[in-house]
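> Structure, please.
(one chain, ligands or ions: 1)
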Amino acid sequence: MLESNPLNRRQFVQLSTLAAGAALLTDRAFAESRVALPALPQLPYAYDALEPHFDARTMEIHHSKHHAAYVTGLNGALTKEPKFQMTEPTAVLGMLPTIEDEGIRSTIRNHGGGHWNHTFFWETLAPAEKSGAPSEKLSAAIVATFGSMDAFKKAFGEAAAKRFGSGWAWLILQDGKLKITSTPNQDNPFMKGLVPDADLGKPILGLDVWEHAYYLHYQNRRADFIAAWWNVVNWAEVSKRFEAKV
Ligand code: MN3
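Numbers count the residues shown, from 1 in each chain. Modelled structure (predicted):
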């Protein structure tokens, strides 16, 4: 009996302590071996850096409330679908049709799309004085495809204005060619098999035309918001995406 033998009892206690320590180490190693769940990215500029085109209050709510809610929703679904926890968000979105559970599929579509789209959006914005211009290669491709920079802006603006309700307008690369398209809700142009009336391709530039992106400052004037947005496009980043071509 352990209780009747101090030596054995001491050994037992030592062994138990070792076993408990080993279990904790295993748990920690297991937790660390997994890719961390997506987190809300920091913006590469201050909330007021895009004034007066994008006001600070809208930027703060858009990032710290709307985008944060997409991250929370996505992580809730990923916790229920452990096979995707090791996978990059872009790849998860490409695999949406393979997710059998409809509730999890639609949560990852909406919240994963929201997280991806907003992360992409923030990176393609810059303070007006740093907006710059498309690279020579991108500029040449825009002129070759749309006739001129103004014609491109007009066509993109029309796609953004025409998107009924909430959604996005996109400039994509499809088979190496530039194309303008638009998606509803938080869908995007690489959600294979899910966006029947949108062109699929690699997004180069995207504009959020959900009312939450502009309503505080522009109210119902979506056209004014679109016109203002051109002042804060990060053309260096957009050009980099175009030239990466993957
Ligand atoms: Mn948004």
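
> C-alpha only now, for contacts and for neighbours.
OK.

> I204: what secondary structure?
strand (DSSP: H, G, I helix; E, B strand; the rest coil).

> got a list of what it touches?
I204 is in contact with W170, L171, I172, L173, V238, S239, R241, F242, counting by CA atoms under 8 Å, 6 or more residues apart in numbering.

> repeat for V92
V92 sits next to F84 when contact means CA under 8 Å, 6+ apart.

> from here on, count from 19
Shifting the count to begin at 19 puts that one at V110.

> Name the residues of the strand or helix carrying it that are buried.
In the assignment (DSSP states H and E), V110 maps to helix 107-112. Neighbour-count burial for helix 107-112, counted by 16 or more other CA atoms under 10 Å, picks out P107, V110, L111.

> Check the average confidence over that helix, would you?
This predicted structure assigns helix 107-112 an average pLDDT of 78.

> Next SSE downstream of it?
Following helix 107-112 in sequence, per DSSP H and E, is helix 120-125.

> What are the buried residues along that following helix?
I122, R123, S124, T125.

> Then stretch 168-178?
Buried residues in stretch 168-178 (16+ other CA under 10 Å): F170, K171, F174, G175, A177, A178.

> Spell out the residue ranges of the strands in the chain.
Taking DSSP state E as the criterion, the chain carries its strands at 185-192, 195-202, 220-226.

> F102: which of these is closest?
Distance to F102, taken as CA to CA, is lowest for strand 220-226 among these, at 21.7 Å.

> List the strands paired with that closest one, with their directions.
Sheet pairing for strand 220-226, assigned by DSSP bridges, gives strand 185-192 (antiparallel).

> CA atoms only for the partner strand, dumped as PDB, please.
Only the C-alpha atoms of strand 185-192 are listed here, as PDB (Å, rounded to 0.1, in the frame of the first residue of the first chain):
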ATOM      1  CA  GLY A 185     -20.500  43.900 -51.900                       C
ATOM      2  CA  TRP A 186     -17.300  44.600 -53.600                       C
ATOM      3  CA  ALA A 187     -15.900  45.800 -56.900                       C
ATOM      4  CA  TRP A 188     -12.700  44.200 -58.100                       C
ATOM      5  CA  LEU A 189      -9.900  44.600 -60.600                       C
ATOM      6  CA  ILE A 190      -8.700  41.100 -61.200                       C
ATOM      7  CA  LEU A 191      -6.100  39.200 -63.300                       C
ATOM      8  CA  GLN A 192      -7.800  36.400 -65.200                       C
END
